[in-house]
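K.L.:
sequence first, then the predicted structure, then my questions.
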Amino acid sequence: MNGLKEEAIAVFGRSGLEEQHHDELHVHLSNEEFLKRIRTVAEKGFLLADLFAVEESARAKAKKQTLVYVFEKRGYPDLLVLHVTFHKKATSIAPLFPSACWYEREIADGFGILFDSAYDKRRLFLHEVYPVGFHPLQKSWKNKCLSLPKTAVSLEDYPFKEVKGEGVYCVPVGPVHAGIIEPGHFRFSVIGETMFNLEVRMFWKHRGIEKMAEGKQPSWAVNLAEAVSGDETVANAWAYCRAVEKIAGLKIPARAEYLRMVFAEMERIYALLGDLAGMIMDVAYAAGASPFFILREEMLRWNAKLSGSRFFKNNVVVGGVVSDVGQNLLEDLGQYLHHFSSRCRDALNHSLNYPTVLDRLDSTGIVKKELVIPLHLSGPMARASGVATDVRLDHPYGYYAKIPPHEKIKEQGDVLARFKIKAASIEDSVRIIQQIIADIPAGVVYTEAKVKDGAAFSQVESCRGQNVHYVQMEQGVITRYKIRTASFCNWSAIEHAVLDNIIPDFPLINKSMNLSYAGTDL
Amino acid sequence: MNPIINMFKPTVTEDFICKDEEFEQLGIKLKKKMDVIFGRSMAIRAVDAGSDNAPEIELVNLTTPHYDIERFGITFVASPRHADTLMVTGAVTLNMAQAVRKVYEATPSPKLVIALGDDACSGGIFLGSYAVLGGVDKILPVDLKIPGNPPTPHDIMRGLLALMEKLQQQ
């Protein structure tokens, strides 16, 4: 990790730098030192990949809270992790790293930590039903069921941004929507049909996943990781298991690693097929969407054939995968994928040669390239806006260094670009799976893991982009589990992308991003 | 000319051949029962109370060409006002509980409630979390529970069939 280390030494000096697990560089700082150097960190092009708080166990006399700032820099596979201690109040870094805003609100809710000079101090995942002064992630609070308040709360209890002026009116939508989709509240301020402002309110599905993990055995929490988001089951289970395996210093068998790659790429294919179908469906061209739905159903059936579950539930475990997939079955899959590719191409040509489809997709919902870094966008969304980023290339894991993805980049940033990038990603995943089927070695798929104490980060590229997991263990149980999915950061892009578009295009723009509500709300 | 030719020989669409005999049989059975109980069709409103989004994917799947559940008289409607049945997914979160109650109140009686998926049936792995109340039956009277993580399209059909049989007995 020489490159990143030199950069870090230039900012923080040599003393106090600590290497962990070969790809994490840790620095411990006081808030004053942190504030002196954070501007340089931003100027040097470091990107905020994650931000959360940890608290020492309840046994410690004084409640000791630390903020953990996780940075990455393009071109280096390692992470720079800053542990910042503060006295009473922390300081907001949202002016330098706008994506910090949601993280800081999340920390304020979870731990009761106040951020000086934060421009948005509203609650985030704790809606009005939760009592004032309730901070579930503090160690002194033991997890238990809460009951609803006696009096009903109103949506208007939350201080939404007010947009006023002649001809401006407000269209509140959600949390319950007309389709079969997840809950979220969208507040449009419109002039005529044109969207002038959008405020998104999420966290309706907050299930308290991070607190649930605390005190649990590492093998149990895999199911928790899978439940983060159904269509990112493999991605999150893999990221979680990698973190635990990293702490244990465990190298899993090669065949297991390759099988995880197959599962992860299968998951990417079916999820992205759903996105393509959804976009075509949202421009009311059902005949064009059908071939994608048909292919997706076939993929789900293949998932069941490979693993017994259409969503690969209960397959990835700490130490490998639950059961092997026979070589004959893998070769059948290879045969199928060969036909799949040509059918998928036909479906794409069919839709993309249809004037109505192009008319609706082209130049709709543009995510500007300038937003990608400040909002820390990742995945197909970033690649459709001209930024080359993919965890499989930036922070290689599994055997992605051997079989790297050939990611495509588009500059336009509109719905059409996202459509094409997702289509290209499907094709690339097929190529990766074919390559794995040719390369996969024989052998066992599981090795017993001896769990150790410690902490580690791991990252994966899910179908939506960068997911970062952090697991901390003491005495064989989890003491802190932090999940940051791509959706958590990518959601903020929609508030910008819809501006100047007409309200009937909102569902289409939303579908083109297809972010996970469950994965954001946790 | 095309419209006239199409009247005798469809040329703009093609047959979709899907050999899922089991599902076809379930559908036909369900349709027969529904013809009697619901006067031919049943309208379902899907409500997500805190799922991991996999049950939603399977519900959408039911409307796609492989299953095309509308053939058997089941439609997913956009408003609770049009619904006979609510299909609730996920363990009920504190944040969503009130909205789910409102959806139930907006549904005209007589109405049925189905809890779809392990989390909706009992709270699943989220039982004991500060952020969830538990299964759907914590806030609504539940007529049928369809377990699964998530339930497959076949499971959902078998569940609906069981619901029809239960109604027939009443």
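P.N.:
Yep, that arrived. Residues are numbered from 1 along each chain as shown, chains lettered A, B, ... in the order given.
K.L.:
OK, contacts around the residue of the stretch 1-150 of chain A found nearest chain B?
P.N.:
Chain B sits closest to residue A:127 of the stretch 1-150 of chain A, with a gap of 4.5 Å, by CB to the nearest CB. Bear in mind the C-beta positions are built from the backbone N, C-alpha and C, glycine included. By CB atoms under 8 Å, 6 or more residues apart in numbering or on different chains, the contact set of residue A:127 is A:153, A:158, A:203, A:204, A:206, B:94, B:95.
K.L.:
SS state for it?
P.N.:
What DSSP: H, G, I helix; E, B strand; the rest coil gives for residue A:127 is coil.
K.L.:
list phi and psi for it.
P.N.:
Reported as degrees, to the nearest 10, the phi and psi values for residue A:127 are phi -80, psi -170.
K.L.:
could you do residue A:104 as well?
P.N.:
According to degrees, to the nearest 10, residue A:104 has phi -70, psi -40.
K.L.:
how many residues are close by it?
P.N.:
By other CB atoms under 10 Å in any protein chain shown, the residues close to residue A:104 number 25.
K.L.:
what strand or helix carries the nearest residue to it once chain neighbours are set aside?
P.N.:
Sequence neighbours aside, residue A:115 is the residue nearest to residue A:104 in space, at 4.8 Å (criterion: CB to CB, 6 or more residues apart in numbering or on different chains). Residue A:115 is part of strand A:114-116, with elements assigned from DSSP states H and E.
K.L.:
and residue 65, how many neighbours does it have?
P.N.:
By default, I'm working from chain A. Neighbours of residue A:65 (other CB under 10 Å): 19.
K.L.:
actually, chain B is the one I wanted.
P.N.:
Residue B:65 has 15 nearby residues by other CB under 10 Å.
K.L.:
that one and residue A:277: what is the separation?
P.N.:
11 Å (CB to CB, to the nearest Å).
K.L.:
now for those two: what residues contact both?
P.N.:
A:290, A:293.
K.L.:
just for chain B, where's the confidence low?
P.N.:
By pLDDT under 70, the low-scoring segments of chain B are B:1-7, B:9-16.
K.L.:
coming back round to it: quick one: pLDDT of the residue nearest to residue A:104?
P.N.:
We have a pLDDT of 89 for residue A:115.
K.L.:
what's opposite it in the beta bridge?
P.N.:
residue A:90 (DSSP bridges).
K.L.:
list the contacts for the residue in the stretch 151-300 of chain A that chain B sits nearest to?
P.N.:
Closest to chain B within the stretch 151-300 of chain A is residue A:230: 2.7 Å, counting by CB to the nearest CB. By CB under 8 Å, 6+ apart, residue A:230 lies in contact with A:311, A:518, B:51, B:52, B:53, B:54, B:55, B:56, B:57, B:150.
K.L.:
where does residue A:50 sit, in terms of helix or strand?
P.N.:
Using DSSP H and E, residue A:50 falls within strand A:47-55.
K.L.:
and that strand, how far out from the chain middle?
P.N.:
What separates the centre of strand A:47-55 from the centre of its chain is 14 Å, taken as CA atoms, centre = their mean, to the nearest Å.
K.L.:
likewise for stretch A:461-479?
P.N.:
Chain-centre distance of stretch A:461-479: 12 Å, with CA atoms, centre = their mean.
K.L.:
which residues belonging to that stretch are considered buried?
P.N.:
Residues A:461-473, A:477-479 are the ones in stretch A:461-479 that count as buried (16 or more other CB atoms under 10 Å in any protein chain shown).
K.L.:
stretch A:10-17 too?
P.N.:
By 16+ other CB under 10 Å, the buried positions in stretch A:10-17 come out as A:11, A:12.
K.L.:
what do you get for stretch A:194-203?
P.N.:
Within stretch A:194-203, the residues scored as buried using 16+ other CB under 10 Å are A:195, A:196, A:197, A:198, A:199, A:200, A:201, A:202, A:203.
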